[in-house]
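K.L.:
Sequence plus the predicted model coming up.
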Amino acid sequence: MTTARDGARGDASRPESEPAEPERISVWEWVSGAIGLLVVVAALTMLLRDAFAPSSPPDISVRLDSVSAGRSAYVVHFSAENAGREPAAAVTVEGLLSDGRDTLVSTVTIDYLPGRSTRRGGLLFPVDPRMRELRMRAVGFEDP
Amino acid sequence: MIPQPDRSEVLDRSDPDRQFAIAIARAFGGAIIFGLPLMMTMEMWQLGSAMPSARLALLITIWIPLLVGLSAVAGFEQTLRLKHDALDAFVAIAVGTVAATAILVLLGVLDSDVGFHEAVAMITLQALPGSMGALLASSQFGSREATGHRDGSGRRDTWGGEIFLMGVGANFLAFNVAPTEEIALLGLEMGPWHTVATVIVSLLLMHGFVYAVEFSGQASIPPGTPLVSVFVRYTVVGYVVVLALSTFMLWCFNRLAGLSIAEGLSLVIALGLPGAIGAAAARLIL
């Protein structure tokens, strides 16, 4: 190998910096490189489409998933979904439990709710929410 | 002088697949070592979707020539051609993406609750430091004799190459700190005297490393170069690069929004401290 290159170096017609034989590249390297290129193109396409789309503020809805009984309280499991593209931070979710006369209020704060994503949480009540009327909603958020 | 056949070169040429398998294994190691601290940083899970999409797109676009340049000075094997450097950069991106996805799923950060767009933004952002680690790993773990860039034969030994490497080092260390809440807090907590002192300490630390490089006898700084010349050409220029990178990174991560110029500047200078150390150390380590 080295002798071949030495021979090439002596040859005046060939520039010195050029290797004597082309560098062999594994086909797997090309495959991995293509995957990398695909990742970059896909991510850029998605991000730029997002960047030039009209603004879409957080659009948060709260859905009841299930109710379970803990040792000291009943747990209302919920999902908060942000249908907007922009993220929301410090999303306050409020649950109102009423039996016609009294209303119990529980609140919880979701630290971060990105656009088009769902986060789960729970609200605690001292009485069984299945026996009463339960309303849940997001009452506010902060721009992250 | 009789040229000695280089064993690794013989191996390289006889089986590129085997050689690539070794390089890719090293690259995964590097991606995880460099990327793990950020994969376990809470702010990084949210930052991808919280930062403006156009800025993340810009960061990715700038990252690619950075990787290509890094490959040219310290990448997988000794690469001579731009085509191969570009290929290495995209391989590194692929490795960074796979490593980030795997670790984020392993840690339960990436689960079914995460929306598709959020997941893509999160993985892409995490893949960037990982891809840098992947590229560096081959130069760090690989045998230096095989790559040969320590012999003063590489492009790194020019002034531009040195400054580029400083930028890479600054980028790496600053990226680890920039996403955190702490850096935002520091900008507000530091008084004017703290800021001035941080600038001086950053410059002194950088120059200390420059001396260490000088003692290591690299070609770019010949012995006997005047102190002022070294200070201005390497330390000061390097620090300007560091501050520019800090500003860009903070702007990308939307950390400068709503700050006064003085607050923003102290934030940039606070981030410039790890940046300066990264920049200065890079010239010794890479």
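P.N.:
Nice, I can see it.

K.L.:
From now on I want contacts and neighbour counts done on CA atoms only, so please keep to that.
P.N.:
Will do.

K.L.:
Helix or strand: which one has B:Trp251?
P.N.:
In the assignment (DSSP states H and E), B:Trp251 maps to helix B:237-252.

K.L.:
so what are the domain limits for chain A?
P.N.:
Partitioning chain A according to automatic domain parsing yields domains covering residues A:2-52, A:60-142.

K.L.:
Lowest mean pLDDT across those, which one is that?
P.N.:
Ranked by mean pLDDT, these bottom out at domain A:2-52, with a mean of 70.

K.L.:
next SSE after the helix holding B:Trp251?
P.N.:
Per DSSP H and E, helix B:237-252 leads on to helix B:261-285 as the next helix or strand towards the C-terminus.

K.L.:
Would you confirm that B:Gly96 contacts B:Phe28?
P.N.:
Yes - assessed by Cα atoms under 8 Å, B:Gly96 is found in contact with B:Phe28 at 7.5 Å.

K.L.:
what about these two, which has more around it?
P.N.:
Neighbour count, other Cα atoms under 10 Å in any protein chain shown: between B:Gly96 and B:Phe28, B:Gly96 has more, with 33 against 24.

K.L.:
any idea how far the helix or strand hosting that one is from the chain center?
P.N.:
Per DSSP H and E, B:Gly96 falls inside helix B:82-106. How far helix B:82-106 lies from its chain's middle: 14 Å, per Cα atoms, centre = their mean, to the nearest Å.

K.L.:
and that helix with chain A, contact?
P.N.:
Yes - against chain A, helix B:82-106 shows contacts by Cα under 8 Å from any Cα of the partner chain at B:Leu87, B:Asp88, B:Ala89, B:Phe90, B:Val91, B:Ala92, B:Ile93, B:Ala94, B:Val95, B:Thr97.

K.L.:
list the buried ones in that helix?
P.N.:
For helix B:82-106, burial by neighbour count (16 or more other Cα atoms under 10 Å in any protein chain shown) applies to B:84-101, B:103-104.

K.L.:
Return the closest of the residues of helix B:82-106 next to chain A with respect to A:Leu123.
P.N.:
Set against A:Leu123, the nearest of the residues of helix B:82-106 next to chain A by Cα to Cα is B:Thr97 (36.8 Å).

K.L.:
Let me see the contact set for that closest one.
P.N.:
Applying Cα atoms under 8 Å, 6 or more residues apart in numbering or on different chains to B:Thr97 gives the contacts A:Val39, B:Ile123, B:Thr124, B:Gln126, B:Ala127, B:Gly130, B:Ser131.

K.L.:
where does the stretch 101-250 of chain B dip in pLDDT?
P.N.:
Applying pLDDT under 70 to the stretch 101-250 of chain B flags the ranges B:138-157, B:213-223.

K.L.:
That concludes my questions; thank you for your assistance.
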